[in-house]
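# build me a model:
(chains A and B)
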Amino acid sequence: EDQVTQSPEALRLQEGESSSLNCSYTVSGLRGLFWYRQDPGKGPEFLFTLYSAGEEKEKERLKATLTKKESFLHITAPKPEDSATYLCAVPLNQAGTALIFGKGTTLSVSS
Amino acid sequence: DGGITQSPKYLFRKEGQNVTLSCEQNLNHDAMYWYRQDPGQGLRLIYYSQIVNDFQKGDIAEGYSVSREKKESFPLTVTSAQKNPTAFYLCASSLANGDIQYFGAGTRLSVL
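Now for the predicted structure:
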C-alpha cells in the first residue's frame, strides 16, 4: 500500500535554531513530491515540488531535498512566522491524479 | 484575483440533513478535488474530477456525493448517510493530473 510518513509529529525550536523535517514514502514510480505549509484554520499553501533524487529547491529559510526514499525540509535560522504545519504529499501511483498526504509536522518557533 | 473560493466558511448540519459545500475556481483548471481533514489525520481524498461531467471516488467517498456540471464548480454534498461529518473540508484544483494542487480556504462543518 502506498504510504507517506512524516516525522516528527511536532517540533519546537528556538528562533534561529535550524532543523529538518522528514517525509518518507513507499510509492513506486514516484511522480513528484509536494511540500505544503498549512496555517491553523486555513487551506494548505504550496511550497515546492521535487521530481528526481538529488533535486533541491529553496525558498527563503526553507530548502527541500529529495532522495529515492525520502524528502527533507530543512529550516535554517527559523523565525516565529515559520510556525505552521508542514505537509508532504505524493500523487497516487495508478493515475497520478489526487495526492496522498502525510499527517504533517507541526512546527512551533519561539522567540 | 485568480483562486479557489469555498463557501460557507462555517456550516452546521442537523441530524438527517443533507448539506452542500460550494467550491468555485477561476484558474481554468481541469481537475478538482475534495479532501477531508480531521485532527491528527492529515488530508484524505473524498472525490476528484478530471473533467466536466466525470468524477471518481476517493478513499472515503461513502456518505458524500459530488457533481461537475461546469469546469469552474465542484460542489460536495454531505448526506445524512455520513454519520461522522464533523471535519474541515478542503477543495483543490490543478491544471491536469499530477500537477500542483492549489487549495481553497476550507469549510468547517459541525453537527448540531
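# for the spatially most central residue of chain B, pull up the helix or strand it's in.
The C-alpha lying nearest the average C-alpha coordinate of chain B belongs to residue B:34 (CA atoms, centre = their mean; 3.2 Å). Assessed by DSSP states H and E, residue B:34 sits inside strand B:31-38.
# for that strand, packing partners?
Packed against strand B:31-38 by the contact rule (3 or more CB pairs under 8 Å, 6 or more residues apart in numbering or on different chains; DSSP states H and E) you find strand B:19-25, strand B:42-51, strand B:87-94. Where C-beta positions appear, they are placed from N, C-alpha and C, glycine not excepted.
# what residue ranges in the chain score low on pLDDT?
Picked chain A for this. A:1-2, A:93-97 (pLDDT under 70).
# not what I meant, chain B
In chain B, residues with pLDDT under 70: B:1, B:97.
# what residues does it put near chain A?
Contacts of chain B with chain A, taken as CB under 8 Å from any CB of the partner chain, map to B:4, B:6, B:31, B:33, B:35, B:40-45, B:48, B:50, B:56, B:58, B:88, B:90, B:92, B:97-98, B:100-106, B:108.
# buried stuff in the helix or strand where residue A:22 lies?
According to DSSP H and E, residue A:22 maps onto strand A:19-25. By neighbour count with 16 or more other CB atoms under 10 Å in any protein chain shown, strand A:19-25 contains the buried residues A:21, A:23, A:24, A:25.
# and the residues you listed, which is closest to chain B?
residue A:23 (11.6 Å; CB to the nearest CB).
# give me the element the nearest residue to the closest one once chain neighbours are set aside is part of.
In space, and not counting its chain neighbours, residue A:23 is closest to residue A:88: 3.6 Å by CB to CB, 6 or more residues apart in numbering or on different chains. Element membership of residue A:88 [criterion: DSSP H and E] is strand A:84-91.
# which residues of chain A lie near chain B?
Counting by CB under 8 Å from any CB, chain A sits next to chain B at A:31-32, A:34, A:36, A:41-46, A:49, A:87, A:89, A:91, A:95-104.
# got a list of what residue B:111 touches?
B:12, B:13, B:14, B:15, B:85, B:86 (CB atoms under 8 Å, 6 or more residues apart in numbering or on different chains).
# write a PyMOL command that selects only the buried members of these.
To isolate the buried members of these in PyMOL, using 16+ other CB under 10 Å:
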select buried, chain B and resi 13+85
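# save the contacts of residue B:111 as a markdown table, and put in secondary structure and distance to residue B:66 too.
What follows is the contacts of residue B:111, written out as a markdown table (DSSP: H, G, I helix; E, B strand; the rest coil; distance: CB to CB, whole Å):
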| residue | secondary structure | distance to residue B:66 |
| --- | --- | --- |
| B:12 | strand | 21 |
| B:13 | strand | 17 |
| B:14 | coil | 22 |
| B:15 | coil | 22 |
| B:85 | coil | 15 |
| B:86 | coil | 19 |
